[in-house]
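Engineer: Sharing a model prediction with you, sequence too.
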Amino acid sequence: MNIKGPILCVAGFGDNSSMFAPLVDARRSGDPQILPLDLPGFGAEPLRETSIATLAQHLAAEARRFGARSVIAHSVASIIAAEAAHLSDSTIDTIVSLEGNLTAEDAYFSGTAADYDDAVSFRVAFLERLHEMAKPNRIIEGYAERVSRADPGALWSLGRDARQYSQTSHPGERLRSAGNVLYVLNPANCPENSLNWLKTSGLTKVELDGASHWPTIDQPSKVLLALRS
């Protein structure tokens, strides 16, 4: 991708910057500087109002502060990065989307927040779901632990907004029009509708066979290799 300058890294729904620690450890001399960023409510002090729009504004401001033009965005953070890139004063022109949301079906975690009337009940139910999924899966177990540290109000608000956004906008189209985009995926992890859209999208993509939904954790060297391509 011929990335110049530092790369900001933003985690997906309920997650925080520690999911990028293996990526930092695997970085070689000559690779771009990798700057994992905690979003407000997800490792950093929450905003007064959490939404895709407010988090996009925050991300754009951080990109300006660090002089960054590139973002690695995981899952729902891909929506946030795309919206940040569309802001008139944004410096962001390159997004590496790690299985980022392309269609409404991709909001399989975040979108469930809209089914709950308050932040506490959603947090309890979501963590119960993750702990059940984690019984045979240590990567999901780690994700559940990180989600447990997220601000409950921010988690609920972002999830509700992600569902509404996915129903009223087309996440994939917004990503495609955000600039230079590389989409990194293991097709086995992705909804059929999203894969069908991706086939005709024209987006540059790299497939990581056998990777989990968190490739920076289990295949960090291959993610870095994709950046060098």
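Structural biologist: That came in fine, so what should we check first?

Engineer: List the residues that contact the spatially most central residue of the chain.
Structural biologist: Residue closest to the average C-alpha location in the chain (C-alpha atoms, centre = their mean): residue 74, at 2.3 Å. By C-beta atoms under 8 Å, 6 or more residues apart in numbering, residue 74 lies in contact with 9, 10, 11, 12, 15, 19, 98, 99, 100, 214, 216. Placement of C-beta: from N, CA and C, glycine included.

Engineer: if you look at these, which of them are in strands?
Structural biologist: In this view, the contacts of residue 74 that belong to strands under DSSP state E are 9, 10, 98.

Engineer: tell me which residues form a beta bridge with the last one?
Structural biologist: The partner list for residue 98 in beta bridges (DSSP bridges) reads residue 74, residue 184.

Engineer: And the pLDDT for the residue nearest to the centre of the chain?
Structural biologist: Residue 74 carries a pLDDT value of 99.

Engineer: Need the phi and psi values for the residue sitting furthest away from the middle of the chain.
Structural biologist: Distance from the C-alpha centroid of the chain peaks at residue 29, with 25.4 Å (C-alpha atoms, centre = their mean). The phi/psi pair for residue 29 (degrees, to the nearest 10) reads phi -60, psi 130.

Engineer: Residue 33 too?
Structural biologist: Dihedral angles (degrees, to the nearest 10) for residue 33: phi -60, psi 130.

Engineer: Helix, strand, or coil at residue 175?
Structural biologist: Under DSSP: H, G, I helix; E, B strand; the rest coil, the three-state class of residue 175 is helix.

Engineer: Distance check, it against residue 229.
Structural biologist: With distances taken as C-beta to C-beta, to the nearest Å, residue 175 is found 19 Å from residue 229.

Engineer: out of the two, which sits in the more crowded spot?
Structural biologist: Neighbour count, other C-beta atoms under 10 Å: between residue 175 and residue 229, residue 175 has more, with 25 against 9.

Engineer: where's the closest residue to that one other than its chain neighbours, which helix or strand?
Structural biologist: Of all residues not flanking residue 175 in the chain, residue 82 sits nearest, at 4.5 Å (C-beta to C-beta, 6 or more residues apart in numbering). Taking DSSP states H and E as the definition, residue 82 sits inside helix 77-86.

Engineer: Which other helices and strands does that helix contact?
Structural biologist: Where contact means 3 or more C-beta pairs under 8 Å, 6 or more residues apart in numbering; DSSP states H and E, helix 77-86 is packed against strand 7-10, helix 52-66, strand 70-74, strand 94-98, helix 171-176.

Engineer: and those, which is most packed in?
Structural biologist: strand 70-74 (a mean of 28; mean count of other C-beta atoms under 10 Å).

Engineer: Tell me the gap between it and the middle of its chain.
Structural biologist: Distance of strand 70-74 from the chain centroid (C-alpha atoms, centre = their mean, to the nearest Å) equals 7 Å.

Engineer: what do you get for stretch 43-50?
Structural biologist: The chain centroid and the centroid of stretch 43-50 are separated by 17 Å under C-alpha atoms, centre = their mean.

Engineer: And for it, what's in contact with it?
Structural biologist: 11, 16-18, 38, 40-41, 54-55, 58, 149-151, 153-154, 157-158, 161.
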